[in-house]
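Student: sequence below, structure please.
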Amino acid sequence: MHRLWALVTDCGDAAVTLPLALLVLVFLLAARERLLALYWLLMVAGCAAAIGVLKLIFGACGGRLETLEVISPSGHTAMSTAIYGSLALLVAPSLPARWRPLVLAAAALLIAGIAISRVALRFHDLPEVALGLVIGIGAVAGFHAAMRRGAAPVLPVVWLMLAGLAVVAVMHGTRLNIEPGVRGLAGALRLSLPWCR
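Tutor: Below is the predicted model:
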């Protein structure tokens, strides 16, 4: 079972989600969906910034926030929710109506699997995953609200999905470990913020 959870959790690593996000951005720009590309970029950057700031706050001031039972919010969960969820919303309008619920359900299943894997593998506990999920859902909701402002894009969905699967297949198993850098920065913040000591 451990191997299965490891396979699932690797789909949420930044080494997979960030290249996938970049691929989607390139497809949107190639399709001349510049405004949608801007919304996509803001969604990804906003989610990454939110989870990064929270990781720093909890890393620096975690001792003062023990009642929340959060040491490090789950970045895998937040970014996976934001990217896979928003990608499903992005491609759904270009698909026949009967396929749309299937794509949305597949994205939800993958997101849930990644979230559960973080707890199953003991990288995070439930409150940390829940906080990551809230951040990711907020990013998806913001992207969805922005998408509704314009006409539904017509994208080369087959090519986008094939390219996306190729990125996931090639990058799967690669890890982009940013946690040591975050911990180091949080330690420096702890020393410079008197209310976090």
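
Student: what is the subsequent helix or strand relative to the lengthiest helix in the chain?
Tutor: Identified as the longest helix of the chain according to DSSP state H is helix 34-61. Per DSSP states H and E, helix 34-61 leads on to helix 75-91 as the next helix or strand towards the C-terminus.

Student: helix or strand next in line after that following helix, which one?
Tutor: helix 100-120.

Student: show me which helix or strand of the chain is least confident by mean pLDDT.
Tutor: Every helix and strand of the chain was ranked by mean pLDDT, DSSP states H and E. The lowest is helix 179-192, at a mean of 59.

Student: and the angle for the longest helix of the chain with helix 75-91?
Tutor: Angle, helix 34-61 to helix 75-91, by axes from the mean of the first three to the mean of the last three C-alpha atoms, to 10 degrees: 170 degrees.

Student: mind checking the pLDDT average for helix 34-61?
Tutor: In this model, helix 34-61 has a mean pLDDT of 90.

Student: pull the contacting residues for the spatially most central residue of the chain.
Tutor: In the chain, the centroid-proximal residue (C-alpha atoms, centre = their mean) is residue 79; its distance is 1.1 Å. Contact analysis of residue 79 by C-beta atoms under 8 Å, 6 or more residues apart in numbering lists 12, 14, 17, 18, 44, 47, 48, 51, 136. Every C-beta, even on glycine, is put in place using the N, C-alpha and C of the backbone.

Student: secondary structure class of the residue lying closest to the fourth one once chain neighbours are set aside, three-state.
Tutor: I take that to be residue 18. Closest residue to residue 18 apart from its sequence neighbours, by C-beta to C-beta, 6 or more residues apart in numbering: residue 176 at 7.2 Å. Under DSSP: H, G, I helix; E, B strand; the rest coil, residue 176 falls in the coil class.

Student: got the phi/psi numbers for residue 176?
Tutor: With angles defined as degrees, to the nearest 10, residue 176 sits at phi -110, psi 90.

Student: quick one: residue 30 from residue 154, how far?
Tutor: Going from residue 30 to residue 154 by C-beta to C-beta, to the nearest Å gives 13 Å.

Student: before we move on, what about residue 42?
Tutor: From residue 42 to residue 154 the distance is 22 Å (C-beta to C-beta).

Student: more neighbours: which of these two?
Tutor: Higher neighbour count among residue 42 and residue 154: residue 42, with 14 against 10, using other C-beta atoms under 10 Å.

Student: tell me who's in contact with that one.
Tutor: Residues in contact with residue 42 (C-beta under 8 Å, 6+ apart) are 142, 146.

Student: so what would you say the end-to-end distance of stretch 83-98 is?
Tutor: 23 Å (C-alpha to C-alpha, to the nearest Å).

Student: okay then, goodbye and thanks.
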